[in-house]
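Chemist: what follows is a protein structure lacking sequence information:
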């Protein structure tokens, strides 16, 4: 078995898509008599500076001999890559390994590529150590992601699927012809096995991209047949070709454990538990911030630094969940850290503060008492009755369990709550 891996062939502004290039390469391999057992779409660290939108690398598991595989891959890169963008830096790595039997150092490289950062020197040193074939263009930075894609099958143990339908290539850059009503109807039939096809709250078919590339729509889910069935039910302009990918999307594999004694570093994503110590605040642009102390409940309010967490405006209705938090609520939060702030992808309410201090009411006349002076409690100005600050039960708009950003704001690798496997009740967004 041979693994052909490639990355960084597309452009943020000009489009293209590495999945399309991999699909064309797989067709060429099969036309020449090789088998392609698996098409792998591997999402890497979403905080990497040089990424295009989804930071995906691709791998094909094929029977093609390594030398021929490299020649085919180089031909595909030179034919389909978006070289007009000077930030595009394609790379190919070809490994003569069974995908599950790559060296442990290559599997470790793949895991770290999702949660941390690698240099091109790191990648090339491993490529040389194991004798892999490779080639780079315009610096060949894509060999970092390509090597990670080589090691991915051995590195990860949770996989989902995406069935991608492609436009006639000459239509790239023109408005996509997809009937939204048919997308919503197909999404209803496929849910919950097929997820993140639409965002019902925003009325948006999120499976249809806005970028000027060749993808018409991409259907994600836990079963490849269900993904293909949903795709087939969508009314659209002509589909030129399609492919089903095995992928680590929707798995939360990018999250590190952010225990209280862990330094949270920029450019990594964490799962962090703590207590709300700064109430939610809506700031300019509609972004909602809340402060979390990574401590136990007894010391949470005893001074010191809190971790800012933010729900940005594009997370839409998720911000109302954050606004509903109160000081004293215990949470687990998930998201990428940037400039010391955690960008919320989801959070779990572990416990809610159910009471709040309240000014006492006069038992004789029913009026709210006023302060009698510092340290002297409260007094009714009409009756002279005295009293102390009370604790009053409050209604909460949240329940215990997990809340998430809506599908329109979800990162590719973030796990939708509807997939299950969480440690508390879930409140999925659709």
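Modeler: Noted; the coordinates are in hand. Owing to the predicted nature of the structure, the values given are computational and were not obtained by experimental measurement.

Chemist: low-scoring pLDDT stretches of the chain, where are they?
Modeler: Along the chain, the model assigns pLDDT under 70 to residues 11-15, 49-54, 295-305.

Chemist: ranges for the helices of it?
Modeler: 18-31, 66-80, 104-115, 120-129, 142-155, 180-190, 224-232, 318-323 (DSSP state H).

Chemist: most tightly packed of those?
Modeler: Each of the helices of the chain was scored by mean neighbour count; the highest is helix 142-155, a mean of 29, by mean count of other CB atoms under 10 Å. All C-beta spots, glycine's among them, are computed from the backbone N, C-alpha and C.

Chemist: quick one: that one to helix 120-129, angle?
Modeler: 60 degrees (axes from the mean of the first three to the mean of the last three CA atoms, to 10 degrees).

Chemist: so which elements touch the lengthiest strand in the chain?
Modeler: In the chain, assigned by DSSP state E, the strand with the most residues is strand 268-282. Judged by 3 or more CB pairs under 8 Å, 6 or more residues apart in numbering; DSSP states H and E, the packing partners of strand 268-282 are strand 255-257, strand 288-293, strand 307-311, helix 318-323, strand 330-338, strand 341-351.

Chemist: contacts only, for residue 368.
Modeler: Residue 368 is in contact with 359, 360, 361, 362, counting by CB atoms under 8 Å, 6 or more residues apart in numbering.

Chemist: if the nearest residue to the first one once chain neighbours are set aside is in a bridge, with which residues?
Modeler: The shortest distance from residue 359 to any residue other than its chain neighbours is 5.5 Å, reached at residue 368 (CB to CB, 6 or more residues apart in numbering). According to DSSP bridges, residue 361 are recorded as the beta-bridge partners of residue 368.

Chemist: let me see the domain layout of this protein.
Modeler: Domain assignment for the chain by automatic domain parsing gives 2-155, 160-247, 255-354+395-427, 355-393.

Chemist: out of those domains, deepest packed?
Modeler: The highest average neighbour count among those, using mean count of other CB under 10 Å, belongs to domain 2-155 at a mean of 21.

Chemist: distance from the chain centre to it, please.
Modeler: In this view, domain 2-155 has its centroid 21 Å away from the chain centroid, taken as CA atoms, centre = their mean, to the nearest Å.

Chemist: quick one: end-to-end length of it, please.
Modeler: Chord length of domain 2-155, first to last residue, is 17 Å (CA to CA, to the nearest Å).

Chemist: what of stretch 55-74?
Modeler: Start to finish, the residues bounding stretch 55-74 are 20 Å apart (CA to CA).

Chemist: do the same with stretch 165-176
Modeler: Length of stretch 165-176, first residue to last, CA to CA: 12 Å.

Chemist: let's have the chain start at 48 instead
Modeler: Shifting the count to begin at 48 puts that one at stretch 212-223.

Chemist: what's residue 444 in contact with, if anything?
Modeler: Contacts for residue 444 (CB under 8 Å, 6+ apart) come out as 367, 371.

Chemist: please repeat the previous calculation with a cut-off of 10 Å.
Modeler: 367, 368, 370, 371, 372, 399 (CB atoms under 10 Å, 6 or more residues apart in numbering).

Chemist: which non-adjacent residue is nearest the second one?
Modeler: The spatially closest residue to residue 368, leaving aside those adjacent along the chain, is residue 450, at 4.6 Å (CB to CB, 6+ apart).

Chemist: also the first one?
Modeler: Residue nearest to residue 367 in three dimensions, not counting chain neighbours: residue 444, with 8.0 Å by CB to CB, 6+ apart.

Chemist: returning to what we had before: just the contacts of residue 444 now: which is nearest residue 182?
Modeler: Residue 182 has its nearest neighbour among those in residue 368, at 47.6 Å by CB to CB.

Chemist: the closest one against residue 335, yeah?
Modeler: Yes. The criterion here is CB atoms under 10 Å, and residue 368 meets it with residue 335 at 9.3 Å.

Chemist: which residues are common contacts for these two?
Modeler: With CB under 10 Å, 6+ apart as the test, residue 368 and residue 335 both reach 327, 358, 362, 391.
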